[in-house]
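Engineer: no FASTA, just this:
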């Protein structure tokens, strides 16, 4: 049985593994895809303290190498179920049953996409799901934001202070976000709101985004919009399905856990974007990982037979 079992190999999970390994605990990380999570899709990370400019994939590689040198094991398996047992927990994966004295869930989120042809290939080449992360790369350039909730409105306001022109595209005639934010958006001279409209196609040149085709729902008209960047803010999907019923989740599917990362089940901790929280950034993910990793170590020490 592993001392600390970590589900998720993104920044939160690997940081939890790092702290647990440095405390002398045996650690196993389960990751269903590529270590690093969403940060792999950031072509350049410029908001991580002490690392002014580093590709997201390189940051992931460095973090993975660091934990592996400390003896952390990594298995490429997808968790499908969680069971409590005497002296710890079982995580059932798609190919094994893993046991741990304590459990850190750092399953992260997946950004909802528009489902357009070529969208995935353009991530980092004009398509982004994080305005705070990637907005500065488009300083002085025209961009578009898709969405109508608080995140889309906040993204548009943030980008309006950086970019020459921001087009906010929403499929309904009214925004779903706060009225205060909507009023601020409409008051900005360089934000144009395109309501009752959807993005129908992405235009590229040499593998880089150059524009969009918009479809006006009411008139049926189509119009090309030249932009250098497209920021998609249509929601996120937490990857908590195997654990939500047992641990409890909010209406968005995020695990119920506070700043101490403790869930409703003693010995189980939730870290990073998968838990209920106000800010989901790389720095908050690694902060959660440190908190959860140290808490897991204390749990093992206090409950070791």
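Structural biologist: The structure has been received and is ready for your questions. Since we're looking at a predicted model, the values are computed, not measured.
Engineer: and the gap between residue 139 and residue 76?
Structural biologist: Separation of residue 139 from residue 76 (Cβ to Cβ, to the nearest Å): 38 Å. Any C-beta I mention is one placed from the backbone N, CA and C, and that applies to glycine too.
Engineer: so for the two, which residue has more residues nearby?
Structural biologist: Shown here are residue 139 and residue 76; by other Cβ atoms under 10 Å, residue 76 has more neighbours (15 against 11).
Engineer: quick one: contacts for the more buried one?
Structural biologist: For residue 76, the contact set (Cβ atoms under 8 Å, 6 or more residues apart in numbering) comprises 31-32.
Engineer: how near is it to residue 55?
Structural biologist: 22 Å.
Engineer: residue 115 now?
Structural biologist: The gap separating residue 115 from residue 55 is 26 Å, by Cβ to Cβ.
Engineer: which stretches in the stretch 1-150 of the chain count as helices?
Structural biologist: Secondary structure of the stretch 1-150 of the chain by DSSP state H, counting those that start in this stretch: the helices cover 11-22, 56-69, 131-134, 150-160.
Engineer: now swap in the stretch 201-305 of the chain and tell me
Structural biologist: Ranges of helices within the stretch 201-305 of the chain are 244-247, 282-303, based on DSSP H, counting those that start in this stretch.
Engineer: among these, which is nearest residue 180?
Structural biologist: Among those, the nearest to residue 180 by Cβ to Cβ is helix 282-303 (24.1 Å).
Engineer: hmm, who's touching the closest one?
Structural biologist: Under Cβ under 8 Å, 6+ apart, the answer for helix 282-303 is 3-4, 10-20, 23, 25, 39, 45, 47-49, 87, 101-104, 106, 133, 259-262, 266-267, 269-273, 275, 277.
Engineer: of residue 115 and residue 55, who's got more company?
Structural biologist: Set side by side, residue 115 and residue 55 show more neighbours around residue 55, with 15 against 7, by other Cβ under 10 Å.
Engineer: pLDDT wise, what is the more buried one at?
Structural biologist: For residue 55, the pLDDT comes out at 86.
Engineer: just the one 3 residues further on next, same as before
Structural biologist: What the model reports for residue 58 is a pLDDT of 92.
Engineer: got any ranges where the protein has weak pLDDT?
Structural biologist: Within the chain, the set of residues satisfying pLDDT under 70 comprises 43, 305.
Engineer: can you tell me how far the spatially most central residue of it is from residue 239?
Structural biologist: Taking Cα atoms, centre = their mean, the centroid of the chain lies closest to residue 109, which sits 4.6 Å from it. With the distance defined as Cβ to Cβ, residue 109 ends up 7 Å from residue 239.
Engineer: need the residues touching each of the two.
Structural biologist: Among the neighbours of residue 109, those also in contact with residue 239 (Cβ under 8 Å, 6+ apart) are residue 274.
Engineer: one step back: pretty sure the residue nearest to the centre of the chain sits against residue 238.
Structural biologist: Yes - with contacts counted by Cβ atoms under 8 Å, residue 109 reaches residue 238, the gap being 5.0 Å.
Engineer: how far away is the closest residue in space to residue 254 that isn't next to it in sequence from residue 238?
Structural biologist: Distance criterion Cβ to Cβ, 6 or more residues apart in numbering; nearest residue to residue 254, sequence neighbours excluded, is residue 276 at 4.7 Å. Distance of residue 276 to residue 238, computed by Cβ to Cβ: 10 Å.
Engineer: how about residue 39?
Structural biologist: Distance, residue 39 to residue 238, using Cβ to Cβ: 16 Å.
Engineer: again with residue 74
Structural biologist: Distance, residue 74 to residue 238, using Cβ to Cβ: 22 Å.
Engineer: residue boundaries of the strands in the stretch 101-250 of the chain?
Structural biologist: Ranges of strands in the stretch 101-250 of the chain, per DSSP state E, counting those that start in this stretch, are 109-111, 127-128, 142-146, 165-169, 191-194, 197-205, 208-216, 222-226, 229-232, 236-238.
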